[in-house]
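Visitor: When you get a sec, could you give me coordinates for this:
(chains A, B, C and D)
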There are 2 protein chains.
Amino acid sequence: MLDERKASILRAVVEEYIQTAQPVGSGHVVNAPGISVSSATVRNEMAALETEGFLAQPHTSAGRIPTEKGYRYFVDALAQPSLDRASTLQVRAFFDRAHGEIEQMLADTTRLLTGLTDYAAVIIGPPHEAGKVRSVQLVGLTPRVALLVAVLGSGGVEKRTIDLAEDVDDALWLRATAHLSAQGIGHPLAWLATAPLSGEATVDVVLSRVRAVLVATGQDDADHVYVNGASRMAASFDAVETVRSVLTILEQQLVVVSLLRDVVDRGLNVAIGSETGMQPLADCALVVAPYTVDGERVGTVGVLGPTRMNYPQALAAVAVVGQRLGRRLSEG
Amino acid sequence: MLDERKASILRAVVEEYIQTAQPVGSGHVVNAPGISVSSATVRNEMAALETEGFLAQPHTSAGRIPTEKGYRYFVDALAQPSLDRASTLQVRAFFDRAHGEIEQMLADTTRLLTGLTDYAAVIIGPPHEAGKVRSVQLVGLTPRVALLVAVLGSGGVEKRTIDLAEDVDDALWLRATAHLSAQGIGHPLAWLATAPLSGEATVDVVLSRVRAVLVATGQDDADHVYVNGASRMAASFDAVETVRSVLTILEQQLVVVSLLRDVVDRGLNVAIGSETGMQPLADCALVVAPYTVDGERVGTVGVLGPTRMNYPQALAAVAVVGQRLGRRLSEG
DNA sequence: GCTGGCACTCGGTAGGATCGAGTGCCAACG
DNA sequence: CGTTGGCACTCGATCCTACCGAGTGCCAGC
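Guide: Got it, this is the predicted structure:
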């Protein structure tokens, strides 16, 4: 799409702008490696790049700034992911040490990502529903309230409060548990919502309440989102209003989930500015990578930063973390 | 400590400054209710309040701003908590509807608090350790890995990954579970770390691993912190650097916990600026209230805002939410 | 002791000059 | 014909100055 010289100039502008956040003039571009023409020629080419929509001028007598289209071209054709040696080692060390509960590990992984990139990091954890039930039981808390606790193959634990209208003794919880275990183990948790009743009246009172609760809470909080490094957004922008609106987005877990999911579904690994589809993120870019467990995409890792983010670094960091996270989760 | 007129003037300055964020001049104070002297007199009194350390002047020819000491006096002697009718109803409605898992409810409660006050809200949940174990079991996930799942009386569920060096069949998990249940139910989870072994060699391999894991993870993640409304901090300050440093604090759960705990331990319900003991919070104030379950303090609710926060509102909101939260948790 | 009056202070805003990085254009050159 | 050095021009950023006005401290008089 762009001849080699234009591409080099665009690359030089993007790379310098990412570093300095200042409009880049032709004088700077000629000092960039791979440029061996005069500043006048560069000016001509930059004017052309502007009319083609890759660059923009904040005002007449200023240098150029990449447009979304410019960043897009840079990401698609010019940037190759690269991670410095120290970071690579850091990632390896992290996953070698990683252990313990999955929730804790995912939270720690977001911290790793913000540490690597200096941007906000987001991880969508594997949905618990996907796993088969390994164990299910009802634990009485008070005479009328019990906790339905299900352990899933993925290592996740789901719990639901079951409250009844009348007092129940512990033996009944046990009988209901026995029925649920017989029916549910090996199936997804949601399956219990439609599993047959026992035919025994007192037990079925409990079971139907379990069904109702599972139906009510089945869908929504299926996703487990981990966000970290929101404070880095404040370092990326100098308009406090921008910071505020971005933070507002990051606080809404549902929005974050649908945002990442949407980007992944469109087959993108980078969404720049308006490509995110969210007006408050006009000055942001999102770099994502799905990760797989046993060949199946179960979640997404991503970083959110300013449009002038260090794409090579962010792409590499997200890719390698996603890959190693998937591998780590696969081996259980 | 202050005569009535000085107190009225201080109150007027604080209240107007909270609203406008602008230094308050004598001309504005005379328009405040309860002030029936001339501006010259007010000026004299304000000069006195300044030398006494309650007010400060950003520069010579500007109005006055409250100092930390000024806010402190306002909070201790002049402010009485007040919550508007709509908010009161909102709180009541929230807790009438509140149900389901405790984690979800606490997260929702932080949202309620930020909604009420427009400041960031923090809640420290009841420590799970405190509760007695209602149920404990080992669920095998892979031949070498099992999950220790303990249900506590509070409705909380604790889980720990137990990994062994050699393959184990499910029967062994069951036998270990039986032993743990016999020993542990009715005691705090930590007690299992010191409970006697079974004397049966194969089972004791598992049990000693359980002990080791409980010892290793026993103390730290004891606290469950819920933070919401961090984006409101960005609306409270116009220096982006201030926002960044405050957000950094809010992201560190351990810091937040020790901060709230420290304030409560000092018997305060408000910590203003340097009273928080954290330099980045010099421009912030923290309003907290412990909440009790069955007469015992099990957690804390709080809001974090700028030093010029609406103390009457924040005090009232935190107090009523803490109270109703405790009541709600007490009734189970 | 309170108050009106008054001179004074000083941050904020507006207008004007200057600076310089960067541009577009053009004529000349290989 | 593409490239280049030269040049006039643009315009944001910076600095200076003047000015305004909110607010002060002080004092004399009630």
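Visitor: can we go C-alpha only for contacts and neighbour counts from here?
Guide: Noted.
Visitor: Flag every residue of the stretch 1-150 of chain A that's near DNA strand C.
Guide: If contact is defined as C-alpha under 7 Å from any atom of the strand, the residues of the stretch 1-150 of chain A in contact with DNA strand C are A:23-28, A:40, A:43-44, A:46-47, A:60-64.
Visitor: switch the cut-off to 6 Å
Guide: Within the stretch 1-150 of chain A, the positions adjacent to DNA strand C are A:Val24, A:Gly25, A:Ser26, A:Gly27, A:Ala40, A:Arg43, A:Asn44, A:Ala47, A:Ser61, A:Ala62, A:Gly63, A:Arg64 by C-alpha under 6 Å from any atom of the strand.
Visitor: so what's A:Val157 up against?
Guide: Contact partners of A:Val157, counting by C-alpha atoms under 8 Å, 6 or more residues apart in numbering or on different chains, are A:His128, A:Val149, A:Ala150, A:Val151.
Visitor: and if you look at A:Val213?
Guide: Under the criterion of C-alpha under 8 Å, 6+ apart, the neighbours of A:Val213 are A:Arg160, A:Thr161, A:Ile162.
Visitor: okay if I get those residues as a markdown table plus neighbour count?
Guide: As requested, the contacts of A:Val213 are exported to a markdown table (neighbours: other C-alpha atoms under 10 Å in any protein chain shown):
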| residue | neighbour count |
| --- | --- |
| A:Arg160 | 18 |
| A:Thr161 | 22 |
| A:Ile162 | 24 |
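Visitor: picking that back up, restricted to helices, list the residues of the stretch 1-150 of chain A next to DNA strand C.
Guide: Within these, membership in helices is found for A:Ser26, A:Gly27, A:Ala40, A:Arg43, A:Asn44, A:Ala47, as judged by DSSP state H.
Visitor: May I ask which of these has the most neighbours?
Guide: When these are compared by neighbour count (other C-alpha atoms under 10 Å in any protein chain shown), A:Ser26 ends up highest, at 20 neighbours.
Visitor: That residue and A:Val257, how far apart?
Guide: Here the criterion is C-alpha to C-alpha, to the nearest Å. By it, A:Ser26 lies 41 Å from A:Val257.
Visitor: Strand partners (parallel or antiparallel) of the helix or strand encompassing A:Val227?
Guide: Using DSSP states H and E, the secondary-structure element containing A:Val227 is strand A:225-228. Under the criterion DSSP bridges, strand A:225-228 sits next to strand A:120-124 (antiparallel) in its sheet.
Visitor: What is the subsequent helix or strand relative to the strand it pairs with?
Guide: Along the chain past strand A:120-124, the next helix or strand (assigned with DSSP H and E) turns out to be strand A:133-142.
Visitor: and the helix or strand following that next one with chain B, contact?
Guide: Later in the chain than strand A:133-142, the nearest helix or strand by DSSP H and E is strand A:145-152. Yes. With C-alpha under 8 Å from any C-alpha of the partner chain as the measure, strand A:145-152 is seen reaching chain B through A:Leu147, A:Val151.
Visitor: now strand A:145-152: mean pLDDT?
Guide: Across strand A:145-152, the average pLDDT comes to 92.
Visitor: now do stretch A:205-212
Guide: When the per-residue pLDDT values of stretch A:205-212 are averaged, the result is 92.
Visitor: Not counting its own residues, what contacts it?
Guide: Looking at stretch A:205-212 with C-alpha under 8 Å, 6+ apart, the contacting residues turn out to be A:Leu148, A:Ile162, A:Asp163, A:Leu164, A:Trp173, A:Ala176, A:Leu192, A:Ala193, A:Thr194, A:Leu197.
Visitor: Let me see the ranges of the strands in the stretch 151-300 of chain A.
Guide: Listed in chain order, the strands found in the stretch 151-300 of chain A under DSSP state E, counting those that start in this stretch are A:157-163, A:225-228, A:270-272, A:284-293, A:296-306.
Visitor: So which of those is nearest B:Asp76?
Guide: Taking C-alpha to C-alpha as the criterion, strand A:225-228 is the member of the strands of the stretch 151-300 of chain A that comes nearest to B:Asp76, at 37.0 Å.
Visitor: Let me see the domain layout of chain A.
Guide: Structural domains assigned to chain A are A:4-78, A:85-127+A:223-330, A:129-221, following automatic domain parsing.
Visitor: closest one to B:Gly229 among those?
Guide: Go through the domains of chain A one by one with C-alpha to C-alpha and the one that ends up closest to B:Gly229 is domain A:85-127+A:223-330, at 7.4 Å.
Visitor: So what would you say the end-to-end distance of that closest one is?
Guide: Length of domain A:85-127+A:223-330, first residue to last, C-alpha to C-alpha: 26 Å.
Visitor: if you look at that domain, does any of it touch DNA strand D?
Guide: No. Contact check for domain A:85-127+A:223-330 against DNA strand D, using C-alpha under 6 Å from any atom of the strand: none in range, with a minimum separation of 13.0 Å.
Visitor: now that domain: mean pLDDT?
Guide: Throughout domain A:85-127+A:223-330, pLDDT has a mean value of 95.
Visitor: Enumerate every residue touching the residue in the stretch 201-332 of chain A that DNA strand D sits nearest to.
Guide: Among the residues of the stretch 201-332 of chain A, A:Asp238 lies nearest to DNA strand D; the distance is 13.0 Å by C-alpha to the nearest atom of the strand. Contact partners of A:Asp238, counting by C-alpha under 8 Å, 6+ apart, are B:Val240.
Visitor: Next up, phi/psi of it, please.
Guide: phi -110, psi 0 (degrees, to the nearest 10).
Visitor: can you tell me how far it sits from DNA strand C?
Guide: Here the distance between A:Asp238 and DNA strand C works out to 18 Å (C-alpha to the nearest atom of the strand, to the nearest Å).
Visitor: and what of A:Asp169?
Guide: According to C-alpha to the nearest atom of the strand, A:Asp169 stands 70 Å off from DNA strand C.
Visitor: For A:Leu152, the count of nearby residues, please.
Guide: As a burial measure, the neighbour count of A:Leu152 was computed by other C-alpha under 10 Å and equals 26.
Visitor: unless I'm mixing things up, it is touching A:Pro127, no?
Guide: No. With contact taken as C-alpha atoms under 8 Å, A:Leu152 and A:Pro127 are classed as non-touching, separated by 10.6 Å.
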